[in-house]
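[1] Sequence and predicted structure below; questions after.
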Amino acid sequence: MRPYGCIADRVMLRTITFWNRGVTCVLISYGLKNFTWLLGILSVRGKKHGGLGVFSAKSWNYAAATELLWMIHLKKDLLWIKWIHGNYLQNQNVWEIQGRTYDSWMWRQILKVRDMLINKFGSTDNVKNAIEGCFSKDKLKLSEIYMCLIQPMPKVSWFSTAWDEFLYPKHSFILWLACNQRLLTKDRLCRMGMMSSNQNQCVLCCGHQLETSKHIFFECQFSADVWNRVMDWMRFRWRSCYWDLIISWYSCNLKGRGPLRKLKRMCLSAAVYMIWDERNRRIFQGKMRDPSQIFRAIRLSVFTRVLNVSSHAHMIDLLEVL
């Protein structure tokens, strides 16, 4: 039989579905080899910390085993707990007993988790204090244990910009990739050894500029034209075509849930998505559109979203004014 890794490298992961506030999002066409970094982010990071908010199954299993360990420590009045104390512990301390080769697989796994907890928190007393801090209304919460076990990550400033509930899920995903500098631009493909250095020019502009994420959004002459049209439409008072400045401005100055702020966030996500889509069309299909056509597509996506979401019907009047 061929090893799994050889097969996995040849399989394309076409769709991954995850639940996001009642909306199913579909992530399309990423190879497994180039998807490992994304799985790492998915496994441990919440959306506010730069991830997609998907739980790590491994860490969740550790949390469940920790809950079992605590029930054994408290000598809960359960048949299985009594069996553990009668057959394995026999008046010994669960925090000190050593496993034996003929013990059951499940018991040995619980002891492994115990040792992992002691190594992580430094001592048995620290483990007990950490678990006691996971109680809510006198009940041990599995989700709190999980959050205690995973590594804390710093919050990202662009969380509300990328994950506004008003945005199209596919737009949010591409914007999230751009904010994490994880879009497969040609400069990244060259560093990964998947493309030669003489093929790394941007396909959107006429010059021979290196295709990077920051160049595409929006230092490129083509994308800058599109973004300037969007800023004119939304009547931006502050203007820039530099990605870091745009994200910083959105994060600091466009907080809140006002209708105009939501529209501006939607315009950014739609512009990023449409420009990335145009880049892919030119590379893979040989089709080209001019900036005015891209801008019309952005406007159409915004109007379609507003007209089809009844709870945001008041935005129609705002769009008519713009």
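    In hand now; what should we look at?

[2] report the longest helix in the protein, please.
    Assignment by DSSP state H gives helix 259-284 as the longest helix of the chain.

[3] Report the buried residues of whichever strand or helix holds K120.
    In this structure, K120 sits in helix 105-121 according to DSSP states H and E. Within helix 105-121, the residues that count as buried by 16 or more other Cβ atoms under 10 Å are W107, Q109, I110, L111, V113, R114, L117, F121. Bear in mind the C-beta positions are built from the backbone N, C-alpha and C, glycine included.

[4] got it, and stretch 268-277?
    Using 16+ other Cβ under 10 Å as the test for burial, stretch 268-277 gives L268, S269, A270, A271, V272, Y273, M274, I275, W276.

[5] Leaving out sequence neighbours, find the closest residue to the second one.
    Of all residues not flanking S269 in the chain, H171 sits nearest, at 3.9 Å (Cβ to Cβ, 6 or more residues apart in numbering).

[6] Helix or strand: which one has that neighbour?
    helix 169-179.

[7] try V306
    Using DSSP H and E, V306 sits within helix 291-308.

[8] Restricting to C-alpha, output that helix in PDB.
    In PDB, the C-alpha atoms belonging to helix 291-308 read as follows (Å, rounded to 0.1, in the frame of the first residue of the first chain):
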ATOM      1  CA  PRO A 291     -11.500  48.700 -13.800                       C
ATOM      2  CA  SER A 292     -15.000  50.000 -14.600                       C
ATOM      3  CA  GLN A 293     -16.300  46.500 -15.000                       C
ATOM      4  CA  ILE A 294     -14.800  45.400 -11.700                       C
ATOM      5  CA  PHE A 295     -16.300  48.500 -10.000                       C
ATOM      6  CA  ARG A 296     -19.700  47.600 -11.500                       C
ATOM      7  CA  ALA A 297     -19.400  44.100 -10.100                       C
ATOM      8  CA  ILE A 298     -18.600  45.500  -6.700                       C
ATOM      9  CA  ARG A 299     -21.600  47.800  -6.800                       C
ATOM     10  CA  LEU A 300     -23.800  44.900  -8.000                       C
ATOM     11  CA  SER A 301     -22.700  42.700  -5.100                       C
ATOM     12  CA  VAL A 302     -23.400  45.500  -2.600                       C
ATOM     13  CA  PHE A 303     -26.800  46.300  -4.000                       C
ATOM     14  CA  THR A 304     -27.700  42.600  -4.200                       C
ATOM     15  CA  ARG A 305     -26.800  42.000  -0.500                       C
ATOM     16  CA  VAL A 306     -28.700  45.000   0.700                       C
ATOM     17  CA  LEU A 307     -31.800  44.300  -1.300                       C
ATOM     18  CA  ASN A 308     -32.000  40.700  -0.200                       C
END
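
[9] So what's the gap between it and the chain middle?
    Helix 291-308 sits 26 Å away from the centroid of its parent chain (Cα atoms, centre = their mean, to the nearest Å).

[10] next one: stretch 74-84
    On the basis of Cα atoms, centre = their mean, stretch 74-84 sits 40 Å off its chain's mean C-alpha point.

[11] repeat for stretch 196-206
    In terms of Cα atoms, centre = their mean, the centre of stretch 196-206 is found 29 Å from the chain centre.
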